[in-house]
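**Q** structure for the following, please:
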Amino acid sequence: MANVQTYKNHIRWFAPFHFFALPVLLLNVANEVRQFYMDPTRYSGFAVLVAAALFMSCLLGRVQALAAQDRVIRLEMRLRMQALLPADLTARFNDLTVRQLVALRFAGDAELADLVRTALKDKTKEGDLKRMIKQWVPDHVRV
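**A** The predicted model follows:
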């Protein structure tokens with residue numbers, strides 16, 4: 001992992017998931033579909049179903065972990081914003097989307113208020129907010 005995190009290198013690829021488990025399970029689904037096409041029996045049909053369920057289980061496990069992380073980020077940002085922002089911006093916390101909050105967590109304390117104002121006024125998307133950050137605060141303990 002890079003020592004200095006920036007917008008360009010902040011995406012987290014979890015090699016065992018992204019480059020092993022998910023591709024292998026996807027290949028398994030493709031193989032079982034091929035088997036079913038070549039020999040359409042109840043057994044091969046059920047094998048397609050099981051392969052699809054395994055793939056979906058792996059994918060949904062990741063999605064659920066990211067959803068839990070987003071809930072923690074939302075709480076973290078609520079507390080951080082209460083401590084750093086004026087009352088008028090803090091009161092508009094619920095107007096920010098989860099994706100905007102995810103982006104704003106990388107912003108330094110000094111620029112947070114301006115970025116929140118921009119996000120609220122312009123409905124700025126996550127990627128655009130991240131690109132606006134001048135003082136990047138790294139997060140190396142992400143899911």
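**Q** doesn't Gln64 make contact with Val143?
**A** No. Using C-beta atoms under 8 Å as the test, Val143 is too far from Gln64 to be in contact (9.9 Å). Backbone N, C-alpha and C define where each C-beta goes, glycine included.
**Q** neighbour count for the two, which is higher?
**A** Applying other C-beta atoms under 10 Å to Val143 and Gln64 shows that Val143 carries more neighbours, namely 14 against 11.
**Q** give the contact list for the residue nearest to Leu54 when sequence neighbours are not counted.
**A** Spatial nearest neighbour of Leu54, chain neighbours left out: Leu25 (5.5 Å); criterion: C-beta to C-beta, 6 or more residues apart in numbering. Neighbour list for Leu25: 51, 54-55, 58 [criterion: C-beta atoms under 8 Å, 6 or more residues apart in numbering].
**Q** check Leu25 and give its pLDDT.
**A** The model reports Leu25 with a pLDDT of 98.
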